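1. Output the structure for:
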Amino acid sequence: MIEYLNIGIRFALFANLMLLFGLPLFALYALRGAERLQPSILPVGTLICWLTMSGIALSVLSVTVMTASMAGVQLLEVDTESVNMMIYETPMGNAWLVRVIALIVTLVVAFRMATAKILSKLIFVTITSGVALGSVAWTGHGAAGEGTAGTGQLIADIIHLLGAGAWFGALIALSIMLFRSVASVTEEYLHLNHRLLKEFSVAGTVIVALVFGTGVVNSWMLVGPQNLLNLFDSLYGQLLAAKLALFAIMLLLAAANRFTLTPAFDRALQGGGVPSVLAKLRKSLIIELSLAVIVIALVAWLGTLQPPAAT
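-> Numbering: from 1, shown residues only. Here you go, the predicted model:
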């Protein structure tokens, strides 16, 4: 029971921290000036506040579950002394402490997001939320290595998480903006949506390159070249293969959005047919988001299993 709860909490925490990092990052590179202060476009400050508070709650729950799992007891049997030992005397606990501090600082700044100097505040919360997301790498397989190779693996794991967070956050931000009735938005708003799709197309190329490259490094280190031919013999290998297959489909959808649907949206804005193109964009986003959620769930599950290279 504890193991299933651990997977569920890891999934919720991954998704939460990825959004917390990806949304302000999207606002930084895609929105301009006063657009970042307009909740009608993207309620960045409100979203960051809610995500930060839920991230702190999930972190508290996660350290309790980790303690119960390591102690071999039920969740309600965990005592304060055991939790304190986990936090202050283990690398995972130290990473947890860094995460919670980063989230608290993020929350303090997010409460003042609607005031002036929005750009500096967005930069700050993007950095602190990135620290919170990166800390997850210290609680997983990325921190298990030793020496130079271990350091390289940990860095690759952190970059992989940040890239995935940037991608997931952008998908959610675009969905918030695109899933509105055409009748309720102005032509100016539709042009803004098109511009943001183009902005993400450029940033998405860098994000995909980072996610793909670091994913190859992580998979190579965790599976090991000697185990490649026997990948499907273990549950870890099967889940990893499923994750890679879903990622490949997401890449195809991203390419279709950039090279087909976004140009079609531009043509529709000039000559008509916006509702039809928007429907296709929304359908593509729904599929891509669904695949992203499944991939995050697989990552949460993989983190609880022993990789082939460790056996």
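
2. so who does residue 214 touch?
-> For residue 214, the contact set (C-beta atoms under 8 Å, 6 or more residues apart in numbering) comprises 156, 157, 159, 160, 163. Yep, even glycine has a C-beta here, placed from its N, CA and C like the rest.

3. Am I right that residue 109 is in contact with residue 126?
-> No - taking C-beta atoms under 8 Å as the definition, residue 109 is not a contact partner of residue 126, at 10.5 Å.

4. More neighbours: these two, which one.
-> A side-by-side neighbour count of residue 109 and residue 126, using other C-beta atoms under 10 Å, places residue 126 first with 24 against 17.

5. In terms of helices and strands, where is the more buried one?
-> Taking DSSP states H and E as the definition, residue 126 sits inside helix 118-134.

6. so where's the stretch 201-311 of the chain uncertain?
-> Segments of the stretch 201-311 of the chain classed as low confidence (criterion: pLDDT under 70) are 309-311.

7. how about a cut-off of 90?
-> Within the stretch 201-311 of the chain, the ranges that satisfy pLDDT under 90 run 201-206, 208-209, 211-238, 240-241, 251, 254-280, 302-311.

8. before we move on, what about the stretch 1-150 of the chain?
-> Residue ranges of the stretch 1-150 of the chain with pLDDT under 90: 1-7, 31-45, 62-94, 110-121, 137-150.

9. now the helices for it?
-> For the stretch 1-150 of the chain, helices defined by DSSP state H, counting those that start in this stretch occupy the ranges 2-30, 44-71, 80-89, 91-110, 118-134, 147-178.

10. so how many other residues sit close to the nearest residue to residue 131 once chain neighbours are set aside?
-> Taking C-beta to C-beta, 6 or more residues apart in numbering as the measure, residue 131 lies nearest to residue 102, with 4.3 Å between them; neighbours along the chain are not counted. Residues near residue 102, counting by other C-beta under 10 Å, number 24.

11. which residues does residue 102 contact?
-> Residue 102 is in contact with 128, 129, 131, 132, 135, counting by C-beta under 8 Å, 6+ apart.

12. and residue 78, what are its phi and psi?
-> For residue 78, the backbone dihedrals (degrees, to the nearest 10) come out as phi -70, psi 130.

13. so how far is residue 96 from it?
-> Counting by C-beta to C-beta, to the nearest Å, the gap between residue 78 and residue 96 amounts to 14 Å.

14. swap in residue 279?
-> For residue 279, the distance to residue 96 (C-beta to C-beta) stands at 44 Å.

15. which of these two has more neighbours?
-> Between residue 279 and residue 96, counting by other C-beta under 10 Å, residue 96 is the more crowded of the two (22 against 11).

16. Leaving out sequence neighbours, find the closest residue to that one.
-> Ranked by C-beta to C-beta, 6+ apart and with sequence neighbours excluded, the top spatial neighbour of residue 96 is residue 63, at 5.1 Å.

17. burial measure for the one you found, as a count.
-> As a burial measure, the neighbour count of residue 63 was computed by other C-beta under 10 Å and equals 22.

18. Pull out the buried residues from stretch 274-290.
-> Neighbour counts over stretch 274-290 (16 or more other C-beta atoms under 10 Å) mark 274, 277, 278, 281, 284, 285, 288, 289 as buried.

19. which one among those gets closest to residue 228?
-> When the buried residues of stretch 274-290 are compared for distance to residue 228 (C-beta to C-beta), residue 288 comes out closest, at 28.4 Å.

20. isn't that closest one right next to residue 253, touching?
-> Yes - in terms of C-beta under 8 Å, residue 288 counts as a neighbour of residue 253; the distance is 4.8 Å.

21. Among the contacts of residue 214, which one has the most neighbours?
-> Comparing the contacts of residue 214 by number of neighbours (other C-beta under 10 Å), residue 157 comes first, having 25 neighbours.

22. Return the per-residue confidence for it.
-> We have a pLDDT of 89 for residue 157.

23. now it: how far from residue 34?
-> The separation that residue 157 has from residue 34, given C-beta to C-beta, amounts to 37 Å.

24. How about residue 156?
-> As defined by C-beta to C-beta, residue 156 lies at a distance of 38 Å from residue 34.

25. same check, this time on residue 4
-> The span separating residue 4 from residue 34 equals 46 Å under the rule C-beta to C-beta.
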